[in-house]
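J.: model this:
(chains A and B)
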Amino acid sequence: MSFFQAVRIAFETIRVQKLKSFFSVIGVTIGVTFLIAVVSIVGGMGRYMKDDLIGKLIAVNAFNLRQRPDINLGNVTQDEIREWRRRPRIEASDVPAVAAALPHEVLWATQSSGNLVVESAYASSRTMQASTVSSDWFTIKKMGVSKGRLIALQEYVLGSPVVVIGQDVADHFFPGLEPVGRELRIQDIPYTVIGVAEKQGSVFGISLDKFVIAPEASPLNRWVNPHGVIDEMIIQGPNEVGMREAMEATRSVMRGRHHLRPSQPDNFALETSDSALEFWNKLQSYLVVAGIALPTVGLVVGAIVIMNIMLVAVSERTFEIGIRKSLGARRKDILNQFLIESATLATLGAALGVALGIGFAKALAAVSPLPAAVEVWSIFVGVGVGAGVGIIAGLYPASRAALLDPIAAMRQET
Amino acid sequence: MTQQILEAPLGLTAERMAVTQKVGQAPDPKWVIVARGIKREYDMGGEIVRALRGVDIAIGRNEYVAIMGPSGSGKSTLMNILGCLDTPNAGEYWLNGQLVSKMSDDALARVRNKEIGFVFQTFNLLPRATALHNVELPLVYAGLGSDERKRKAKEALEKVQLDHRMDHRPNELSGGQRQRVAIARALVNDPSMLLADEPTGNLDSQTSEEIMRVFQTLADAGQTVVMVTHEPDIAAHARRVVVLRDGLMSTDETKENFVARLGIAAPNLDESKVIEL
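T.: Modelled structure (predicted):
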């Protein structure tokens, strides 16, 4: 009996007993559904974290020199927090020293931020993030304007009271009006809006378009930080290798300036997207374990169910097996017939699980901020595992069938 | 018990006795079955039941033999051995020149497929398959392609005049029709012999006659037919009747002798009574 014949017989048997077949494969279906859904969600979240979230907060091939890490997605102990507070701030005077040590194709900029009261003549006042930056900041962040222009070099030098504002700020403070050229008051000091930044989007539902940015030397600087202190220096290498080199150069300059001995750890943070992603990577490994454990449970249950159903099937069809053997079916023929039936059953269940998993992941992505991207490899693994479970589960029943004595089998009542 | 051979069918008595004694030697190809000293014992919960105690039998090509005996005579056991469903504990069984009694399970399956056409008392058709599919089943295990299988199966059904019902399932067929399907299935792979076990046991007398007529037609056309039965009336349809008793052959004689010895009426298949089934 050829493989395709056996598959066709299997389909026929399943077709005749649709409901029973469905219940047989429920465990496998659920296991595969979990597999597809978890892989989709975890994969989607991973991509989102790397590309959207972290990518938006930390520029590519860049690192931040800060007093302490900015993005903290992990468990930080109280001790660690206290230690961070004791660290010296990054100072404006550190900047030239570090800049001097960087290779010339490396870009750098400074940024200091605070939450300040902003108001205009056209809307209620808001407290929001206000930052002062140095001239290469917009280049590193790859931020452009949708209206007006960026801060000019002269304005950086002079510390002119000008601001580039985010899209949401423009919408709120200048509803239906052209923001460029108008006045915005920050902590009661007037600034002129010279540009509206391109829309940045949002991260986990939090808007990234609520900010005002002024030149470093502008009056805003007094408000965001004590004199001579900056929040961070952003340094961008031309590529990964260049960035690492720049990191080491920065590290040695800062260690020197902080008079650290070789045995002492850094008392400043060099934050790359890697470190920010560290927590996510750890979380992801836990999710992967869950994503393997849950489907495995489903599949083990599925295998046991299929084995039992097949045992019953063999017992019910003992008469038929006896006839087939009397007509010349060898043990191998009977074994294959039932193995293929079991594998076909499980594979169909897995295919159903794939469909359900994709549906589940898409539904979840639609109703929640969780992104889900169906990974093609998980479909193949799901179906392959389903078939494998079918073969393993069917092995014992199929061998029982194959070893039946035809004479005794034909005596059984149908 | 000694074998009483009152008259040898086909006039081959001495030859038949000789071929069953030549242990170890492959018999002449004109013998389809040569069984030498077949013994079969079962262990039934500690007690040993000797179903066959040393049966010698030789059946040549074209013979139409009935193996008769009361229940417990060992005829079913002998049938299972002749049909390669079972192997003897001792003795030799040569089927078509092959020593079958020492074959492996797989080899026996091959032999069953190629050499033997079974017809059972309970028809033993697959209940959820059509008549056509039932008949082509031996060809499936012989490895034939789909088109060739269907063609041969249709031919076999034509031989038993059931090709017009080939897409029906067994539960849509009468008892006689089911047995015809079983006979077609038995013939489809061109076997050396047809082995029938109480073929009319589940049929009424009219239908029984029809089936006996089919066997007669096949036997007349040259098919070797071996029929096992406990009914003397049915046994008397064959050309040769072997009687088993207590695991040994008791008598081996022509139909005429058998009928005369038992004092029963010779069967008369009335050709005019052709029943449409």
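J.: hmm, who's touching stretch A:34-46?
T.: The list of residues contacting stretch A:34-46 from outside it, by C-beta atoms under 8 Å, 6 or more residues apart in numbering or on different chains, reads A:280, A:284, A:287-288, A:290-291, A:294-295, A:298, A:353-354, A:356-358, A:360-361, A:364-365, A:370-375, A:378-379, A:381-382, A:385. The way it works is simple: take the backbone N, C-alpha and C, and place the C-beta from them, glycine included.
J.: which parts of the stretch 101-250 of chain B sit against chain A?
T.: Contact residues, the stretch 101-250 of chain B versus chain A (C-beta under 8 Å from any C-beta of the partner chain): B:105-106, B:109-110, B:112-114, B:118, B:120, B:124-128, B:137-138, B:140-143, B:185, B:189.
J.: how about the residue in the stretch 101-250 of chain B that chain A sits nearest to, what does it touch?
T.: Going by C-beta to the nearest C-beta, chain A is nearest to residue B:113 of the stretch 101-250 of chain B, at 2.4 Å. For residue B:113, the contacting residues are A:327-328, B:138, B:141-142, B:189, by C-beta under 8 Å, 6+ apart.
J.: returning to what we had before: in ChimeraX, select just the buried ones from the residues of the stretch 101-250 of chain B next to chain A.
T.: The buried subset of these, as determined by 16 or more other C-beta atoms under 10 Å in any protein chain shown, is captured in ChimeraX by this line:
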select /B:109,110,112,113,114,118,120,124,125,126,137,138,140,141,142,185,189
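J.: on that earlier part again, centre of the chain to the helix or strand harbouring the residue of the stretch 101-250 of chain B closest to chain A, how far?
T.: Here residue B:113 sits within helix B:105-115, counting by DSSP states H and E. Its chain's average C-alpha position is 16 Å from that of helix B:105-115, according to C-alpha atoms, centre = their mean, to the nearest Å.
J.: same check, this time on stretch A:28-47
T.: 13 Å.
J.: which one is the residue of the stretch 151-300 of chain A found nearest chain B nearest to, not counting chain neighbours?
T.: The minimum distance from the stretch 151-300 of chain A to chain B, using C-beta to the nearest C-beta, falls at residue A:299 (30.7 Å). Spatial nearest neighbour of residue A:299, excluding adjacent residues (C-beta to C-beta, 6 or more residues apart in numbering or on different chains): residue A:31 at 3.9 Å.
J.: For that neighbour, the count of nearby residues, please.
T.: Neighbours of residue A:31 under the rule other C-beta atoms under 10 Å in any protein chain shown: 29.
J.: For it, which residues are in contact?
T.: A:294-299, A:301-302, A:353, A:385.
J.: per-residue confidence averaged over the helix or strand containing residue A:32?
T.: Here residue A:32 is covered by helix A:18-47, with elements defined by DSSP H and E. Helix A:18-47 carries an average pLDDT of 84.
J.: Roughly how far does residue B:114 sit from residue A:42?
T.: The spacing between residue B:114 and residue A:42, counted by C-beta to C-beta, to the nearest Å, is 58 Å.
J.: helices and strands of chain A: which one has the lowest mean pLDDT?
T.: With mean pLDDT, DSSP states H and E as the measure, the helix or strand of chain A carrying the lowest mean pLDDT is helix A:55-57 (a mean of 67).
J.: just checking, next helix/strand downstream of it?
T.: Following helix A:55-57 toward the C-terminus (DSSP H and E): strand A:62-66.
J.: what angle sits between whatever helix or strand comes next after that next one and strand A:62-66?
T.: Secondary structure here is assigned by DSSP H and E; on that basis, the next helix or strand after strand A:62-66 toward the C-terminus is helix A:78-86. Using axes from the mean of the first three to the mean of the last three C-alpha atoms, to 10 degrees, the inter-axis angle of helix A:78-86 relative to strand A:62-66 is 80 degrees.
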